[in-house]
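1. have a look at this prediction, sequence included:
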Amino acid sequence: MADAAPGLRPRPISPQIQLNGGIWRWHLTMVASILHRATGVALYGGALLLMLWALSLASGADAYAVFTGLAGSILGKIALFGLTLCAFYHLGNGVRHLAWDSGYGFKPKTATTTAWLVMAFAVIATLLFWGLLGMSGAL
Amino acid sequence: MAVIRSPLGRARGMGSSKHGVGHFIAQRVTAVALIFLVLWALASSVSLAGGDYESAAAWLRSPINAGLACLLAFAAFWHMQLGMRTIIEDYFARPATKAVCLLLNIFLCWAAGALTILSILKVALSTSGVSV
């Protein structure tokens, strides 16, 4: 736009490249939608970890000890904590999607409120779950 | 050959749209099933975490646990195959790349699902002390 001819108004540009002062901005329902897909991809990996759990269990006590050793390591716990967060988010937002499929919750205000609710649910449920794990003496 | 069917007739579900909703419905059915199965799995994992091989194997020898675990694997691998399919269709424009990714996704999900369910059954059907 810098070399526009004098006297010419700047030409209109697409909303997604109007970074400042444009009509485009991040909003919560968009973040919620992107997170749904991102957590889904993460859980794809989580399901493969579930397969490794079953495979190691079927392979005997030694293989299972290797699996639980890796899962119980610091890195393993961080990964499992992240996957728990992804699972609760995807589950909560999945219910939100099912409500939409049934025709409920489409008003912008409602959609924003439910997005906040799902995020809060994911965080609280994850902390409660790991709190339970801690109390059971598994950590 | 003349097309006898009217646009309205096709829109009423007499055309290919009759079959086009398979993905949509399967995604929702597995989603509803997974709400319950995942909550059950998370609850079970609290008692399984920190346990040794024998406690995990004994847990899987219960037909209820083994059955629900197989259902969880079936629903989860089906659901994630459908979800990843949508992502691949969204982001890969080249037909060849798209086809290869779609094939890999289908093969990976079916293979992982089969391995998981067969592993569960192997442990579930074994008797204590004779397994491995």
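-> It's in. Since we're looking at a predicted model, the values are computed, not measured.
2. tell me, how many residues neighbour residue 64?
-> Assuming you mean chain A. By the criterion of other C-beta atoms under 10 Å in any protein chain shown, A:Y64 has 23 neighbours. In short, each C-beta sits where N, CA and C put it, glycine included.
3. let's do chain B instead
-> 8.
4. which helix is the longest one in the chain?
-> With no chain named, the answer covers chain A. When chain A is parsed with DSSP state H, its longest helix is helix A:28-59.
5. let's do chain B instead
-> Ranked by number of residues, the top helix in chain B under DSSP H is helix B:95-125.
6. against which helices or strands is that helix packed?
-> helix A:28-59, helix B:53-60, helix B:63-91 (3 or more C-beta pairs under 8 Å, 6 or more residues apart in numbering or on different chains; DSSP states H and E).
7. quick one: mean pLDDT for stretch A:124-133?
-> Computed over stretch A:124-133, the mean pLDDT rounds to 97.
8. circling back: which positions within the longest helix of chain A qualify as buried?
-> A:32, A:35-36, A:39-40, A:42-44, A:46-59 (16 or more other C-beta atoms under 10 Å in any protein chain shown).
9. check those one by one and keep those near chain B.
-> Of the residues in the buried residues of helix A:28-59, proximity to chain B by C-beta under 8 Å from any C-beta of the partner chain holds for A:40, A:43-44, A:47-48, A:50-51, A:54-55, A:57-59.
10. pLDDT added to those residues, as TSV?
-> Below are these laid out as TSV (pLDDT from 0 to 100):
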residue	pLDDT
A:G40	98
A:L43	98
A:Y44	98
A:A47	98
A:L48	98
A:L50	97
A:M51	98
A:A54	97
A:L55	98
A:L57	96
A:A58	97
A:S59	96
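11. okay, the residues you listed in CSV with distance to A:A138 next?
-> Putting these into CSV (distance: C-beta to C-beta, whole Å) gives the following:
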residue, distance to A:A138
A:G40, 27
A:L43, 21
A:Y44, 25
A:A47, 21
A:L48, 22
A:L50, 17
A:M51, 21
A:A54, 19
A:L55, 21
A:L57, 17
A:A58, 22
A:S59, 22
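12. circling back to that earlier point, so which bits of the longest helix of chain B are buried?
-> B:101-102, B:105, B:108-109, B:112-113, B:115-117, B:119-124.
13. now the angle from that helix to helix B:63-91?
-> If you take axes from the mean of the first three to the mean of the last three C-alpha atoms, to 10 degrees, helix B:95-125 sits at 170 degrees to helix B:63-91.
14. now helix B:95-125: mean pLDDT?
-> 97.
15. which helices and strands does the longest helix of chain A pack with?
-> Using 3+ C-beta pairs under 8 Å, 6+ apart, helix A:28-59 sits against helix A:61-72, helix A:74-101, helix A:108-135, helix B:53-60, helix B:63-91, helix B:95-125.
16. can you tell me the average pLDDT over the second one?
-> Meaning helix A:74-101. Helix A:74-101 comes out at a mean pLDDT of 97.
17. which single residue of chain A ends up nearest chain B?
-> A:A138 (3.2 Å; C-beta to the nearest C-beta).
18. B:A49 is in contact with that residue, correct?
-> Yes: between A:A138 and B:A49 there is a contact under C-beta atoms under 8 Å: 3.8 Å.
19. quick check, pLDDT for the residue in chain B that chain A sits nearest to.
-> When scored by C-beta to the nearest C-beta, chain B has B:G50 as its residue closest to chain A, at 3.2 Å. As predicted, B:G50 sits at a pLDDT of 85.
20. for it, phi and psi?
-> Backbone geometry at B:G50, expressed as degrees, to the nearest 10, gives phi 80, psi -10.
21. how many residues are close by it?
-> Neighbours of B:G50 (other C-beta under 10 Å): 14.
22. got it, and the one 5 residues further on?
-> Per other C-beta under 10 Å, the neighbour tally for B:S55 reads 11.
23. surely it and B:R61 touch.
-> No: assessed by C-beta under 8 Å, B:S55 is found out of contact with B:R61, at 10.8 Å.
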